[in-house]
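Chemist: Predicted coordinates and the sequence they were generated for:
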Amino acid sequence: MPIEIKHASYTYFPGTIFESLALQDFSLQIDDGDYVGIMGKTGCGKSTLIQLIAGLMPPLEGQIIIDGKDINARDYPREELRRKVGIVFQYPEVQLFETSVEKDVAFGLRHSGLSKTTIAENVRWAIETVGLDFEAIRAESPFSLSGGEKRRVAIAGVLAAKPKILILDEPIVGLDPRGRAAFLELTTHLNAAGVTIIMVSHNADAIAENAQRVIVLEDGRLLINAPAKHAFRDVALLQEKGIGISPAREMAHLLSACGHPIPQDTIRYQELLPFLINIGKGASR
Amino acid sequence: MVIIEATDLVHSYEFEGSQNRSIDGVTLHIEQGEWLVILGRNGSGKTTFAKHINALLPVQGGELNVARLDARDPANIWEIRRHCGMVFQDPNNQFVSSVIEEDIAFGLENYDTPAGEIPARVERALAIVGMDGFEKKSPHMLSGGQKQRIAIAGVLAIDPQIILFDEATSMLDPEGRQEVLSTIHKLHAEEGKTIVMITHLVEEATLADRVAVFSQGKLLGVSSPREVLSNLDLLHNAGLTPPLPIRAYYDLQKEGVTLPCCPLTHQELVEALCPSK
Ligand SMILES: Nc1ncnc2c1ncn2[C@@H]1O[C@H](COP(=O)(O)OP(=O)(O)OP(=O)(O)O)[C@@H](O)[C@H]1O
Ligand SMILES: Nc1ncnc2c1ncn2[C@@H]1O[C@H](COP(=O)(O)OP(=O)(O)O)[C@@H](O)[C@H]1O
Ligand SMILES: [Mg+2]
Ligand SMILES: [Mg+2]
């Protein structure tokens, strides 16, 4: 069930002095089971784009089509969209409000029609999946947790519904390095199980190591839409535009500049390492 | 000279049955003018420690002196906060006014700054963070990096000796992050401020004079960035992962390639691999 965005535009507060154009004539297709990384400077329209995909607001012009249906058509079944698409907002922890972690994670399932036991199973699965100890944390108040722990609880609340499309807005900010790695591994597992992942992040390393396709926005328009391998080719362009470059690609670029050519599609650490070993062996000889 | 002196500091959010210690016997002395980075996994006690330095949390056990003031004495709280400002992670929730100069002035008024001094202080603070000319603008119209620099100016106007940054770059795009890191560098190098910076980006620790590693409320180690970041056991025990150059150094070693020294930055790794350059 592909997602098709057709000529979508969005403006906040049109016709007022606060008017702000967030997306302009924007078109994009996201295939089933894809893992898309979205990058771009603050204010370029990333959050607006994913809110449109999640059907949280309609575009002012254009259409969002999921599985062949316009999700903003009057007769479109909204419950279907809520079941299919899960979205983890930027700073999701601000929405925690229940008295216990378990209740908070279960909150989104209250109108799901699932049985009590299924809900309880999903909740336990989701809390464990985000790397928390279910028994130790289930009765805790979400407000007594550290920043990173809150983030995990908030993500568990979205996972519990087992969506087919999972949209993540800056999900790894505030997670510690191991939590980051564990969370990203979780996204690749979900992706391997068929879930479409759409992840917004400034962390080029996280995008390069995990995404299959990379989309870069600039001022509400598409700047780059390419397989991840190719998206980081033009280092000078990315630097000029203030877009992050994966550490492995940056290293490859620096070494190429001093006489050790490394292919431009080297974006992951494991791809870079053999080149480093070769260069190192040459240097020590 | 030591400006922050924590000795055997203990804190539990549950005051009665204090089996869960968020800070569990931390002894850490921070020098005036030092740039200290704190690393550690989620829930390891970093923010709790920082909130003690800022007198946002009362000392329950152990000792803490900040700018030669005893933090155990409630009479010192406001004086300590005057010496020590804190910048938080969220660029959006740090402002009370929709006009930048008013927002900064508001903070000054809280510290009973004479009204006549306020404009000059606001101007100077904005100049230091490179945001002069933005006095009449709204903080809400700015990019994330600019907002964080305004938040820093708000703290600077009070002229503290110590500035705490709790994941203050984490929500920014690469440019915004660079803006804020350069600002911190300037505060440290030119203004002589003592900087305590909490981050989850291990590569940011390379900027510091010293790096403290927290784990389960305890201080696992504190040393130079090179010593801490090249200590794989320490990093592993604290749930941290080394940045690319250090990871590469050890992976190369396994392949029989030993670089002359452990590189901290990309540039150092390039120099180690291309010695002729
Ligand atoms: N307001 C609170 N009430 C009760 N317990 C708390 C509170 N704030 C933090 N804790 C607990 O204290 C411990 C340390 O929390 P702290 O916020 O200092 O961690 P941190 O190192 O800053 O983590 P993070 O990297 O996630 O921000 C954690 O176990 C946390 O659950
Ligand atoms: N709720 C809002 N009200 C008014 N303007 C907004 C709102 N959200 C975003 N904008 C504006 O829309 C543009 C795109 O913002 P956003 O989609 O949040 O970008 P990003 O997520 O890439 O940082 C920016 O100019 C921003 O200021
Ligand atoms: Mg956003
Ligand atoms: Mg914290």
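Modeler: On my side now, so go ahead. Residues are numbered from 1 along each chain as shown, chains lettered A, B, ... in the order given. Ligands and ions are numbered 1, 2, ... in the order given.
Chemist: which residues touch residue 42?
Modeler: You didn't pick a chain, so chain A it is. By CB atoms under 8 Å, 6 or more residues apart in numbering or on different chains, the contact set of A:T42 is B:143-145, B:172-173, B:176. Any C-beta I mention is one placed from the backbone N, CA and C, and that applies to glycine too.
Chemist: Actually, chain B is the one I wanted.
Modeler: Each residue near B:N42 by CB under 8 Å, 6+ apart is listed here: A:146-149, A:151-152, A:174-176, A:179.
Chemist: Assumed it was part of a helix.
Modeler: No - in this structure, B:N42 is coil, not part of a helix, as judged by DSSP: H, G, I helix; E, B strand; the rest coil.
Chemist: Could you check the pLDDT of it?
Modeler: Predicted confidence (pLDDT) for B:N42: 89.
Chemist: residues in contact with the residue nearest in space to the middle of chain A?
Modeler: Central residue of chain A (CA atoms, centre = their mean): A:M199, 1.3 Å from the mean position. Neighbouring residues of A:M199 by CB under 8 Å, 6+ apart: A:35-38, A:167-168, A:171, A:187, A:206-207, A:210-211.
Chemist: Then A:A208?
Modeler: A:37, A:214, A:228, A:232, A:246, A:248-249, A:267-268.
Chemist: Excluding covalently adjacent residues, which one is nearest to it?
Modeler: A:S246 (3.4 Å; CB to CB, 6 or more residues apart in numbering or on different chains).
Chemist: Dihedrals phi and psi, that neighbour?
Modeler: Main-chain dihedrals, A:S246, degrees, to the nearest 10: phi -70, psi 150.
Chemist: Okay, domains of the chain per the record?
Modeler: Here I'm looking at chain A. A:33-55+A:74-243, A:246-285 (automatic domain parsing).
Chemist: try again with chain B
Modeler: Split by automatic domain parsing, chain B gives B:2-235, B:243-277.
Chemist: Quick check: B:L264 vs A:Y12, distance?
Modeler: Note on B:L264: its distance to A:Y12, by CB to CB, to the nearest Å, is 43 Å.
Chemist: of these two, who's got more company?
Modeler: The residue with more neighbours, out of B:L264 and A:Y12, is B:L264; 22 against 13, by other CB atoms under 10 Å in any protein chain shown.
Chemist: measure that one to A:P274 for me?
Modeler: Computed as CB to CB, the B:L264 to A:P274 distance reads 23 Å.
Chemist: How about the contacts made by the residue of chain A found nearest ligand 4?
Modeler: Here chain A gets closest to ligand 4 at one residue, A:G147, 4.4 Å apart by CB to the ion. Listed by CB under 8 Å, 6+ apart, the contact partners of A:G147 are A:93, A:174, B:42, B:47, B:89, B:167.
Chemist: any idea which element residue 251 lies in?
Modeler: You didn't pick a chain, so chain A it is. helix A:247-257 (DSSP states H and E).
Chemist: Switch to chain B, please.
Modeler: Going by DSSP H and E, B:D251 is in helix B:244-254.
Chemist: cool, B:V96 as well?
Modeler: Using DSSP H and E, no helix or strand contains B:V96.
Chemist: helices and strands around the helix holding A:M251, which ones?
Modeler: helix A:204-210, helix A:235-241, helix A:269-284, helix B:244-254, helix B:266-273 (3 or more CB pairs under 8 Å, 6 or more residues apart in numbering or on different chains; DSSP states H and E).
Chemist: same thing but 6 Å
Modeler: Applying 3 or more CB pairs under 6 Å, 6 or more residues apart in numbering or on different chains; DSSP states H and E, one finds that helix A:247-257 contacts helix A:269-284.
Chemist: Run the angle between the helix it packs on and helix A:247-257 for me.
Modeler: 30 degrees (axes from the mean of the first three to the mean of the last three CA atoms, to 10 degrees).
Chemist: so helix A:269-284 versus helix B:244-254, what angle?
Modeler: 60 degrees.
Chemist: which other residues reach helix A:269-284?
Modeler: Outside of helix A:269-284, the residues within contact range by CB atoms under 6 Å, 6 or more residues apart in numbering or on different chains are A:248, A:251-252, A:260, A:262, A:266, B:248, B:251-252, B:255, B:257, B:273.
Chemist: and what of stretch A:6-25?
Modeler: With CB under 6 Å, 6+ apart as the test, stretch A:6-25 has contacts from A:26-27, A:45, A:48, A:52, A:59-63, A:220-221.
Chemist: Give the helix, strand or coil label for residue 65.
Modeler: Just so you know, I chose chain A. Under three-state DSSP, the three-state class of A:I65 is strand.
Chemist: nope, chain B
Modeler: strand.
Chemist: repeat for B:L39
Modeler: At B:L39 the chain is in strand, as set by three-state DSSP.
Chemist: rewinding a little: ok, which of the domains of chain A comes nearest ligand 2?
Modeler: When these are compared by CB to the nearest ligand atom, domain A:33-55+A:74-243 sits nearest ligand 2, at 3.2 Å.
Chemist: what about the closest one, how long is it end to end?
Modeler: 25 Å (CA to CA, to the nearest Å).
Chemist: element containing the residue of the stretch 151-277 of chain B found nearest chain A, please.
Modeler: Per CB to the nearest CB, B:V257 is where the stretch 151-277 of chain B lies closest to chain A, at 3.5 Å. Under the criterion DSSP H and E, no helix or strand holds B:V257.
Chemist: Repeat that for B:M171.
Modeler: Applying DSSP H and E, one finds B:M171 in no helix or strand.
Chemist: Can you give me the neighbour number for A:R178?
Modeler: There are 16 residues near A:R178, going by other CB under 10 Å.
Chemist: Spell out which residues of chain B are next to ligand 1.
Modeler: Proximity of chain B to ligand 1, by CB under 6 Å from any ligand atom, involves residues B:13, B:22, B:40, B:42-48.
Chemist: Repeat the analysis, applying 5 Å as the threshold.
Modeler: Applying CB under 5 Å from any ligand atom, we find that chain B lies next to ligand 1 at B:13, B:22, B:42-48.
Chemist: quick one: which of those is most hemmed in?
Modeler: B:K46 (28 neighbours).
Chemist: right, and that one touches B:V37 too?
Modeler: No - the pair B:K46 / B:V37 is not scored as a contact, 10.2 Å apart, by CB atoms under 6 Å.
Chemist: near chain B, which residues of the stretch 1-150 of chain A show up?
Modeler: A:41-42, A:146, A:148-149 (CB under 6 Å from any CB of the partner chain).
Chemist: try 8 Å
Modeler: A:40-43, A:90-91, A:144-149 (CB under 8 Å from any CB of the partner chain).
Chemist: In helices, which of these fall?
Modeler: If you go by DSSP state H, the residues of the stretch 1-150 of chain A next to chain B have A:147-149 in helices.
Chemist: Tell me the one of those nearest B:V59?
Modeler: A:G147 (22.4 Å; CB to CB).
Chemist: Contact partners for the nearest residue to A:L184 once chain neighbours are set aside?
Modeler: Nearest residue to A:L184 in three dimensions, chain neighbours excluded: A:N210, at 5.3 Å (CB to CB, 6+ apart). By CB under 8 Å, 6+ apart, the residues touching A:N210 are A:35, A:37, A:184, A:187-188, A:199.
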